[in-house]
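A.B. asks: sequence and predicted model, in that order:
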Amino acid sequence: MLHQQKLRFSTTGRGTYNITQQIAETIEKSGIKKGICHIFLQHTSASLILCENADKTVREDLNVYMAKLVKDGDNSYTHKTEGPDDMAAHIRTILTQSSLSIPVYKGKCDLGLWQGIFLWEHRTVPHKRNLAITIMGE
Amino acid sequence: MVFQDTIELAAQEKGATDITDLISAIVLDSRINIGTCQLFVHNSLSSLLINDTADEDTKQHTVDFLAQLAPNCDGITNIIDESMDAIPERMRAAITQTSISFPVNRGRPVLGTWQGIYLWERTTQPKPRKLTITIIGE
């Protein structure tokens, strides 16, 4: 059995957005009880992560860490078409990932207690982000 | 339905090579209409990336940044043979991906407008690279 669906999210700028609930609802809608949920983000300046969902300061610190690691507006970049955050956003995406595969068990995401699914927006201005979700199983 | 094929890519120059069209053709030949596709590269001196296709500079900046995260061996400015660049390349393998996956719909990869699939060849002595493509769906 296979279920494929698109979701769209609006971001307000750089940061992490908890999408665990929306993914759970998609799995429930599929009727699939056991299998794999594949989540794919159709962008190169935003990415997907699994991260702790208990304390939001974890994700605030991730933002601080990433900003230090990949600096906006580095003078060595020639790709500046959309601003100083543009090339840094592409690198931040490469250092994380464009897809996640999560087991489905008893019709739910089989995540750890403190695992959440987050969309990480790397651009500093609001964007609309498209996800393609494919659930396979029985 | 499961489709699996192994392809050998001719040796590429050091850097990122766009293999989107090649992979899309294989997905179409699989005759799988809807599902997910996994690509796996069988070595640790090259990686798979999903990166921006809009500007040629983006891929060069990305590989330059990733390379400087794992600098070459201290005191060695000339690469003598493959074993000399192997250690930092193993580190670069750990911060990128040996496999990527994406959805398939209507017999095509479901990529965003500006997403492309790249093989990042990281060795100074490129060789032909073996890739396995596995598509699961219906």
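C.D. replies: Done, it's in.
A.B. asks: so what's the residue in chain B that chain A sits nearest to closest to, chain neighbours aside?
C.D. replies: Here chain B gets closest to chain A at one residue, residue B:112, 3.3 Å apart by CB to the nearest CB. Where you see a C-beta, it was placed from the backbone N, CA and C, and this is true even at glycine. Once flanking residues are discounted, residue B:112 sits nearest to residue A:42: 3.3 Å by CB to CB, 6 or more residues apart in numbering or on different chains.
A.B. asks: any chance you could read off phi and psi for the one you found?
C.D. replies: With angles defined as degrees, to the nearest 10, residue A:42 sits at phi -90, psi 50.
A.B. asks: contacting residues for the residue of chain A found nearest chain B?
C.D. replies: Closest residue of chain A to chain B, CB to the nearest CB: residue A:42 (3.3 Å). Residue A:42 is in contact with A:129-132, B:110-113, B:115, counting by CB atoms under 8 Å, 6 or more residues apart in numbering or on different chains.
A.B. asks: by mean pLDDT, flag the weakest helix or strand of chain A.
C.D. replies: helix A:56-69 (a mean of 91; mean pLDDT, DSSP states H and E).
A.B. asks: show me what counts as buried in it.
C.D. replies: A:59, A:62, A:66 (16 or more other CB atoms under 10 Å in any protein chain shown).
A.B. asks: ditto for stretch A:69-85
C.D. replies: A:70, A:72, A:77, A:79, A:85.
A.B. asks: mind putting those residues in a markdown table, secondary structure and pLDDT included?
C.D. replies: Output for the buried residues of stretch A:69-85, formatted as a markdown table (DSSP: H, G, I helix; E, B strand; the rest coil; pLDDT from 0 to 100):
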| residue | secondary structure | pLDDT |
| --- | --- | --- |
| A:70 | coil | 93 |
| A:72 | coil | 95 |
| A:77 | coil | 88 |
| A:79 | coil | 87 |
| A:85 | coil | 95 |
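A.B. asks: show me the two of the residues you listed that sit farthest apart.
C.D. replies: Maximum pairwise distance among the buried residues of stretch A:69-85 (CB to CB): 13.2 Å, between A:70 and A:79.
A.B. asks: does stretch B:91-103 reach chain A?
C.D. replies: Yes - using CB under 8 Å from any CB of the partner chain, stretch B:91-103 reaches chain A at B:95-97, B:100-103.
A.B. asks: which pair of those spans the longest distance?
C.D. replies: B:95 and B:103 (24.7 Å).
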